[in-house]
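**Student:** when you get a sec, could you give me coordinates for this:
(2 chains)
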Amino acid sequence: MNMKRSLLPDCAEAGYCCDKKQYNEASFLEKIKILFHLALCKPCRKYASNSTKLTKLIEKSNLKSCPEEEKKIWKETIEKEISR
Amino acid sequence: MSINEIDPTKWVDKYSDYLFNYTIARVNDRELANDLISETFLAGLKSMKNFKGEASERTWLISILKRKIIDQYRKINSNKGRAEVKIKYKEDSNEGDWLEEQAPDRFDKTAEDMMENEELGLAILNCMEILPEKQAKIFKMKTIDGVDTETICNEFHITPSNLWVIIHRARMTLAQCLEKNWF
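**Tutor:** Model (predicted):
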């Protein structure tokens, strides 16, 4: 029973493993778990494929985040202007 | 239609990434982009009373930013031109003599692609706006900035499994949103 549980995760756990895989942080065991789960579960297969797509889109979009220091400066400036 | 409220204290948190990506795609210079955005915020503050609430705050800020970018282009154009040397082909048949010109254009990166990628980036940021603030912040750190799990956990005082739950929720919402608007 224990063995079965450890190899056949529920959907929630499979989902987390899928996410970890997207960031290359899934362990070998987790990868195996995903394989087993996806073989049996159609909704999770859909999620896995969408998640992979999402990763690719984000990569492709070349999004940059605005540096935090700048944000801080802007916030201060805005607050100063308001209080004037 | 509901009237949109204006609240400058939240501008930076809510819109700076959107504005930043919008600007960087057009001026291709981080420093300059930062300057333009800070000018935009200031101009926005000054003309706050003109905000009628018909458009969303972001649209309104973008419209200010657009003017700033156009002004910037004008400035650049008035500086150069005087000292510009234009090399022209004497005859059409000479076209393509330069080695660089004989090489084909890079087929994997056309102007159209870049435009599409920019739109895509803005669409993703757009979808991120529906995420709760903390989720969006953590997701951005993890996915866009590539900060490792441990650092994020320490910063937000959460456990790794908390982090994965947050990431999972964010990714589900985003995937759904993009499925509607992009895929």
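
**Student:** which residues in chain B form helices?
**Tutor:** B:11-27, B:30-46, B:57-79, B:99-102, B:111-128, B:133-139, B:149-156, B:160-181 (DSSP state H).

**Student:** these into a markdown table, with extra columns for mean neighbour count, mean pLDDT and distance to chain A?
**Tutor:** Where C-beta positions appear, they are placed from N, C-alpha and C, glycine not excepted. Formatted as a markdown table, the helices of chain B follow (neighbours: other C-beta atoms under 10 Å in any protein chain shown; pLDDT from 0 to 100; distance: least, C-beta to the nearest C-beta, whole Å):
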| stretch | mean neighbour count | mean pLDDT | distance to chain A |
| --- | --- | --- | --- |
| helix B:11-27 | 21 | 87 | 4 |
| helix B:30-46 | 18 | 88 | 5 |
| helix B:57-79 | 15 | 87 | 12 |
| helix B:99-102 | 8 | 62 | 25 |
| helix B:111-128 | 16 | 82 | 4 |
| helix B:133-139 | 18 | 89 | 10 |
| helix B:149-156 | 13 | 90 | 7 |
| helix B:160-181 | 18 | 90 | 4 |
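
**Student:** can you tell which of the ones you listed is closest to A:C18?
**Tutor:** helix B:160-181 (8.3 Å; C-beta to C-beta).

**Student:** low-confidence regions, chain A specifically.
**Tutor:** Applying pLDDT under 70 to chain A flags the ranges A:1-7.

**Student:** got the residues of it near chain B?
**Tutor:** A:15-16, A:19-20, A:22-23, A:25, A:47, A:50-51, A:53-54, A:57-58, A:60-67, A:70-71, A:73-75, A:77-79, A:81-82 (C-beta under 8 Å from any C-beta of the partner chain).

**Student:** output the helices of chain B as a markdown table; include the columns distance to A:L8.
**Tutor:** Rendered in a markdown table, the data for the helices of chain B read as follows (distance: least, C-beta to C-beta, whole Å):
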| stretch | distance to A:L8 |
| --- | --- |
| helix B:11-27 | 40 |
| helix B:30-46 | 49 |
| helix B:57-79 | 45 |
| helix B:99-102 | 58 |
| helix B:111-128 | 33 |
| helix B:133-139 | 29 |
| helix B:149-156 | 25 |
| helix B:160-181 | 19 |
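
**Student:** contacts only, for the most centrally placed residue in chain B.
**Tutor:** Centroid-nearest residue in chain B, with C-alpha atoms, centre = their mean: B:N21, separated by 1.5 Å. The contact partners of B:N21, taken as C-beta atoms under 8 Å, 6 or more residues apart in numbering or on different chains, are A:L63, A:K64, B:E118, B:G121, B:L122, B:L125.

**Student:** isn't the fifth one right next to B:D17, touching?
**Tutor:** No - the pair B:L122 / B:D17 is not scored as a contact, 10.0 Å apart, by C-beta atoms under 8 Å.

**Student:** can you tell me which of the contacts of B:N21 is nearest B:V12?
**Tutor:** Using C-beta to C-beta, these come closest to B:V12 at B:L125, 14.4 Å.

**Student:** excluding chain neighbours, what is closest to that closest one?
**Tutor:** Nearest residue to B:L125, sequence neighbours excluded (C-beta to C-beta, 6 or more residues apart in numbering or on different chains): B:Y18, at 4.8 Å.

**Student:** what about the one you found, distance to A:K71?
**Tutor:** In this view, B:Y18 and A:K71 are 13 Å apart by C-beta to C-beta, to the nearest Å.
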